[in-house]
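S.K.: Here is my input; please provide its structure:
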Amino acid sequence: MNNIALNIGIAGIGKMGQNHLRELEKNNLFNIVGLYDLHKKENINYPFFNNINEFLNLNLDVVIIATPTISHLNVAKKILQKIRVVLIEKPLAMNLKEMLEIKALSKKYGSLVGVGFSERFNPSILELKNILKKKEIISININRYSPYPSRISDVGIIQDLSVHDIDLISFLSNRCITNSFLIKRNIYDKQREDEVMITCELENIIANIHQSWNVKDRYRNIVVICKDCVFEADLINFTLKQNGNSILLNQTSPLNNEHNALYSLAKDSRFGNMADINCAINVEKIICKYH
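M.R.: This is a model prediction of the structure:
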């Protein structure tokens, strides 16, 4: 039996919005019926709106919000009134207060809101999480390095990248972070931190995160030490090793996997591996102590 395609729209056609668009074009679970942004981008071949009310008059089943973080709350106020299933890119909002307001709006309108922690859907992470269900984790170490990003102007490395990895620690271990310590530095821009280390404590597990925007090459690596083995995941090349031996993975893109989970959320009202608002709030409660 074929799945019935859902009508989807994207609010925000910056880099992340265009990433979603490219992946959705290859996914037969969705029909792209319209795009919203304040400014039209070149080579857009779908109905385009710079008025959000006109955009929301479309027959939409699902909307992805990929506007700048600073606008998430105001855009969500409009969209959650009319759309039952919404994916909001991470970070969910600028601060805890705004996140709680989005949570209240979703409850008021009965909306199902997923949060775009797309690294959950990296093939290496999905397989690692499945294997770790039967393992006793001792420690988790995450390193994520890249050049300074020109695309980001409203948040620093903590809101852009640390949120991913704080979420991944809880996601992989299925446990809550009980204690944390963060050190950050501003090398390139005095207004936005670009180097950070975070140490976390969970029940019987310790974890460390190191992120940098001060290197030329991109590097994303996770090492999980368990009682009887060690795992190493490469999040860029989608590889996973156990004790140095490669594990065969399904080589699908994280966004494709996330979109499939979004479809399931819309059809079955089940989040599965999709992060919800509470996941984003839990992450923000950790990092807001260091703002």
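S.K.: what about the closest residue to Arg220 other than its chain neighbours, neighbour count?
M.R.: Distances taken as CB to CB, 6 or more residues apart in numbering place Leu235 nearest to Arg220, at 3.8 Å, with adjacent residues excluded. (C-beta placed from N, C-alpha, C; glycine too.) Close neighbours of Leu235, defined as other CB atoms under 10 Å, add up to 24.
S.K.: pLDDT score for Arg151?
M.R.: On pLDDT, Arg151 comes in at 70.
S.K.: need the contact list for the residue nearest to Arg220.
M.R.: Contacts for Leu235 (CB atoms under 8 Å, 6 or more residues apart in numbering) come out as 119, 122, 124-125, 144, 220-222.
S.K.: you'd agree Ile131 is in a helix?
M.R.: Yes. Counting by DSSP: H, G, I helix; E, B strand; the rest coil, Ile131 falls inside a helix.
S.K.: sorry, back to before: out of the contacts of Leu235, list just those in helices.
M.R.: If you go by DSSP state H, the contacts of Leu235 have 124-125 in helices.
S.K.: Nearest to Ser162 among the contacts of Leu235?
M.R.: Using CB to CB, Arg144 is the member of the contacts of Leu235 that lies nearest Ser162, at 8.7 Å.
S.K.: who are the neighbours in contact with that closest one?
M.R.: Going by CB under 8 Å, 6+ apart, Arg144 touches 161, 164-165, 209-212, 219-221, 235.
S.K.: can you map out the helices along the stretch 1-150 of the chain?
M.R.: Secondary structure of the stretch 1-150 of the chain by DSSP state H, counting those that start in this stretch: the helices cover 15-24, 52-56, 72-79, 96-109, 123-132.
S.K.: Tabulate those (CSV), appending distance to Ser253.
M.R.: CSV is the format used below for the helices of the stretch 1-150 of the chain (distance: least, CB to CB, whole Å):
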stretch, distance to Ser253
helix 15-24, 6
helix 52-56, 26
helix 72-79, 24
helix 96-109, 27
helix 123-132, 8
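S.K.: so which of the ones you listed gets nearest Pro149?
M.R.: Here helix 15-24 is closest among these (CB to CB), at 9.2 Å.
S.K.: Now do the contacts for the closest residue to Gln191 other than its chain neighbours.
M.R.: Setting aside the residues directly before and after it, Gln191 is nearest to Gly156 in space (CB to CB, 6+ apart), at 7.9 Å. Gly156 sits next to 184, 189, 191-194 when contact means CB under 8 Å, 6+ apart.
S.K.: ok, of those, which come out buried?
M.R.: Restricting the contacts of Gly156 to buried positions leaves 184, 192-194, with burial counted as 16 or more other CB atoms under 10 Å.
S.K.: nearest to Glu201, of those?
M.R.: Distance to Glu201, by CB to CB, is smallest for Lys184 among the buried ones among the contacts of Gly156, at 18.7 Å.
S.K.: Can you give me every residue that contacts that closest one?
M.R.: Residues in contact with Lys184, defined by CB under 8 Å, 6+ apart, are 156-158, 193, 195-197, 290.
S.K.: So which of the residues you listed wins on neighbours?
M.R.: Going by other CB under 10 Å, Ile157 tops the contacts of Lys184 with 25 neighbours.
S.K.: I'd assumed Ile198 was in contact with that residue.
M.R.: No. Distance between Ile157 and Ile198: 10.8 Å, which falls outside the contact criterion (CB atoms under 8 Å).
S.K.: so who does the closest residue to Val113 other than its chain neighbours touch?
M.R.: Excluding its sequence neighbours, the residue lying closest to Val113 (CB to CB, 6+ apart) is Ser106, at 4.7 Å. When contacts are counted by CB under 8 Å, 6+ apart, Ser106 touches 80, 86, 112-113, 277.
S.K.: and those residues, which of them are in strands?
M.R.: Among the contacts of Ser106, the residues falling in strands (DSSP state E) are 86, 112-113.
S.K.: So which of those is the closest to Lys133?
M.R.: Taking CB to CB as the measure, Lys133 lies nearest Leu112 of those, at 25.4 Å.
S.K.: can you pull the contacts of the closest residue in space to the closest one that isn't next to it in sequence?
M.R.: Spatial nearest neighbour of Leu112, chain neighbours left out: Val85 (5.0 Å); criterion: CB to CB, 6+ apart. Neighbour list for Val85: 61-63, 111-112, 114, 262, 265-266 [criterion: CB under 8 Å, 6+ apart].
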